[in-house]
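In: Give the three-dimensional model of this entry:
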Amino acid sequence: MARQITQFTRLLRYASITLGLCLLSVATVAAPPEGFTALFNGKNLEGWYGHNPHDLVKVPAGLRYPAIASYQKLFQEHWRVEHAELVNDGHGPYCTTNNNYGDMEFRLEYKTVALADSGIYLRGTPQVQIWDTTKEGGKWDRNADKGSGGLFNNTKGTPGQLPAVHGDKPFGEWNSFKITQLGSRTTVIYNDKRVVDNAIMENYWDRTKPLPARGPIHLQTHGGEIRWRNIFVREIPAEEANALLRGDDAAAGFTSIFNGKDFSGWAGELENYSVIDGAIVCKEGSGGNIFTEAVYSDYIVRVEFKLPPGGNNGLAIHYPGEGRASTDGLTELQVLDDTADKYKNLDARQFHGSIYGMVPAHRGYLRPVGEWNYQEVTVKGSTIKVELNGSVIMDADIAKVTEFMDDKEHPGKDRRSGHFGFAGHKDPVMFRSIAIKKL
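Out: Next comes the predicted model:
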């Protein structure tokens, strides 16, 4: 009987220790902040898979699924869950989310060891850098001494490529990231320090294009153990993203050119447009050009717009007050639902954001039809830059254009001043929050 009691006591003691360890493990899994979703459950690798984009980019497109499948054995060998922490031994493919993300706020904590370096890939693209920042780490020649959190793979010297301040904690302590991604614009708060402020993250895979509109998150493995925990994401809806991208117009030097009530300060075919809920709306079945009474030369204009299915309109740049905006003015910048099937065979120079008939814009950065988009256009001399929802989809010099759609001349392309306006094409496209900053 005494032996049974002793065995029972040992069993209870073992159960208590085991339970204590389990409770300790569970206790370290923090609840997501309000509005966030946990990407790591603290128990297993559910929601993640192994991937190495640097290897995959070398594989022919038709063989990429089998290549990814071949990574999974190594993924299971080199990644594990321990005490509610996601642990990698410094080898193997990257830990990759099953889901793709666009505009988001992403939070996590990590802890690493000497000689390791790593990073966080956003939309499948490198990277928010993680360094061993000590001299002994051997990478001061690569600016590791400046600290972690920078957009290391951006072009050297560009905003955000190096962190604004050194914020790394000593080995053995947990570091925290709060990353906001809006279009191609990245903000990084590292250990409560703003190390990257609204910088454009370049597309490492093709620097002629913006960052992809959506993509997975990769946790890179490289050179030493790294532990991750409290991994949370919040997808940012369009209205919030637009407000964050825009910021404070007045503080940035912008002046409103539409009062949201009537057409004061505007001219042209105003009878073909209405003001509805604070927005200028082209009447369905009508069209024509409306424009500011004021004339501008170099400027930045901010505008929000919403497209109906198949909607078509345009921004009139340096419009002379008569004629066609696309040819008699400097240009018309397309405002178009280029996802509509009826437009699938258009010339590339007719899709949204394009300098009409002259230079094509990058596609795939419009929000879904029916949502408000935020666009910022910079006109300086003969150059035009279009940033749509945080991604630069056009940056060109019209003076260098020598080929035109349908071989039609654009006599206004040398204009250096004119009115700003809208070129309607019979669809109820909406515009609001229109503000301009003279350069």
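
In: Relative to residue 424, how far out is residue 332?
Out: Note on residue 332: its distance to residue 424, by C-beta to C-beta, to the nearest Å, is 11 Å. Yep, even glycine has a C-beta here, placed from its N, CA and C like the rest.

In: low-scoring pLDDT stretches of the stretch 251-400 of the chain, where are they?
Out: Scanning the stretch 251-400 of the chain for pLDDT under 70 picks out no residues.

In: which SS state does the residue lying closest to residue 382 once chain neighbours are set aside fall under?
Out: Of all residues not flanking residue 382 in the chain, residue 399 sits nearest, at 3.9 Å (C-beta to C-beta, 6 or more residues apart in numbering). Classification of residue 399 using DSSP: H, G, I helix; E, B strand; the rest coil returns helix.

In: cool, residue 240 as well?
Out: Residue 240 - assigned by three-state DSSP - is helix.

In: cool, and the one 4 residues further on?
Out: In the three-state summary, residue 244 is assigned as helix, counting by three-state DSSP.

In: Show me how the record splits the chain into domains.
Out: Under the assignment automatic domain parsing, the domains of the chain span 27-236, 242-438.

In: Quick check: pLDDT value at residue 30.
Out: pLDDT, residue 30: 88.

In: quick one, phi psi at it?
Out: Per-residue torsions, residue 30: phi -70, psi 150 (degrees, to the nearest 10).

In: how about the helices in the stretch 51-200 of the chain?
Out: For the stretch 51-200 of the chain, the helices defined by DSSP state H, counting those that start in this stretch occupy 53-56, 64-78.

In: quick one: the residue nearest to residue 382 from residue 334, how far?
Out: Taking C-beta to C-beta, one finds residue 399 at 20 Å from residue 334.

In: do residue 272 as well
Out: With C-beta to C-beta as the criterion, residue 272 and residue 334 are 19 Å apart.

In: so who does the residue nearest to residue 382 touch?
Out: Each residue near residue 399 by C-beta atoms under 8 Å, 6 or more residues apart in numbering is listed here: 381-382, 413-414.

In: any chance of those residues in a markdown table, plus secondary structure and neighbour count?
Out: Shown next, in a markdown table, are the contacts of residue 399 (DSSP: H, G, I helix; E, B strand; the rest coil; neighbours: other C-beta atoms under 10 Å):
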| residue | secondary structure | neighbour count |
| --- | --- | --- |
| 381 | coil | 12 |
| 382 | coil | 16 |
| 413 | helix | 20 |
| 414 | helix | 11 |
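
In: Which two among those residues are spaced furthest apart?
Out: Spatial extent of these (C-beta to C-beta) is set by the pair 381 and 413 at 11.9 Å.

In: my read: residue 223 touches residue 89, true?
Out: No. Under the criterion of C-beta atoms under 8 Å, residue 223 makes no contact with residue 89, lying 10.3 Å away.

In: Compare these two and say which is more crowded by neighbours.
Out: More crowded of residue 223 and residue 89, by other C-beta atoms under 10 Å: residue 223, with 17 against 13.

In: Excluding sequence neighbours, find me the nearest residue to the more buried one.
Out: Nearest to residue 223 is residue 116, by C-beta to C-beta, 6+ apart, at 4.8 Å.

In: wouldn't that neighbour be in contact with residue 222 here?
Out: Yes. Judged on C-beta under 8 Å, residue 116 makes contact with residue 222 at a distance of 6.9 Å.

In: so what sits against both of those two?
Out: residue 90.

In: In space, what's closest to residue 72 - neighbours in sequence excluded?
Out: In space, and not counting its chain neighbours, residue 72 is closest to residue 50: 5.3 Å by C-beta to C-beta, 6+ apart.

In: What about the one you found, how many residues nearby?
Out: When neighbours are defined as other C-beta under 10 Å, residue 50 has 24 of them.

In: again, but for residue 391
Out: 23.

In: ok, now how distant is it from residue 428?
Out: Going from residue 391 to residue 428 by C-beta to C-beta gives 26 Å.

In: Now the residue nearest to the spatial centre of the chain: closest residue in space, sequence neighbours ignored.
Out: For the chain, the residue nearest the mean C-alpha position is residue 183 (2.4 Å; C-alpha atoms, centre = their mean). In this structure, residue 183 finds its nearest non-sequential neighbour in residue 390, 2.0 Å apart by C-beta to C-beta, 6+ apart.

In: show me the contacts for the one you found.
Out: Residue 390 makes contacts with 103, 182-185, 241, 245, 374, as judged by C-beta under 8 Å, 6+ apart.

In: list the contacts for the residue nearest to residue 223?
Out: Going by C-beta under 8 Å, 6+ apart, the list of residues near residue 116 reads 90, 132, 222-226.

In: ok, now residue 314?
Out: 325-326, 332-336, 356, 422-423, 425.

In: ditto for residue 348
Out: Residues in contact with residue 348 (C-beta under 8 Å, 6+ apart) are 354, 360.

In: can you rerun that using 7 Å?
Out: Under the criterion of C-beta atoms under 7 Å, 6 or more residues apart in numbering, the neighbours of residue 348 are residue 360.

In: Backbone dihedrals for it, please?
Out: Main-chain torsions, residue 348, degrees, to the nearest 10: phi -60, psi -20.

In: Return the distance of it relative to residue 394.
Out: 12 Å.

In: With residue 102 instead?
Out: Taking C-beta to C-beta, one finds residue 102 at 20 Å from residue 394.

In: Then residue 125?
Out: Distance, residue 125 to residue 394, by C-beta to C-beta: 20 Å.

In: try residue 361
Out: Counting by C-beta to C-beta, the separation of residue 361 from residue 394 is 4 Å.

In: which residues are common contacts for those two?
Out: Applying C-beta under 7 Å, 6+ apart, one finds that residue 361 and residue 394 are jointly contacted by 353-354, 386.

In: bridging residues for residue 312?
Out: Using DSSP bridges, the beta-bridge partners of residue 312 come out as residue 336.

In: Test my guess that it contacts residue 427.
Out: Yes. Using C-beta atoms under 7 Å, residue 312 is in contact with residue 427, at 5.1 Å.

In: ok, residue 288 - contacts?
Out: 268-269, 272, 424.

In: Among the residues you listed, which one has the most neighbours?
Out: Highest neighbour count within those, by other C-beta under 10 Å: residue 424, with 27 neighbours.

In: for that one, phi and psi?
Out: Backbone torsions of residue 424, given as degrees, to the nearest 10, read phi -80, psi 150.

In: how close does it sit to residue 360?
Out: 22 Å.

In: Residue 324 now?
Out: According to C-beta to C-beta, residue 324 and residue 360 sit 19 Å apart.

In: Kindly report the same for residue 405.
Out: For residue 405, the distance to residue 360 (C-beta to C-beta) stands at 10 Å.

In: so who does the closest residue in space to residue 197 that isn't next to it in sequence touch?
Out: Excluding its sequence neighbours, the residue lying closest to residue 197 (C-beta to C-beta, 6+ apart) is residue 187, at 5.9 Å. By C-beta under 7 Å, 6+ apart, the contact list for residue 187 reads 180, 196-198.
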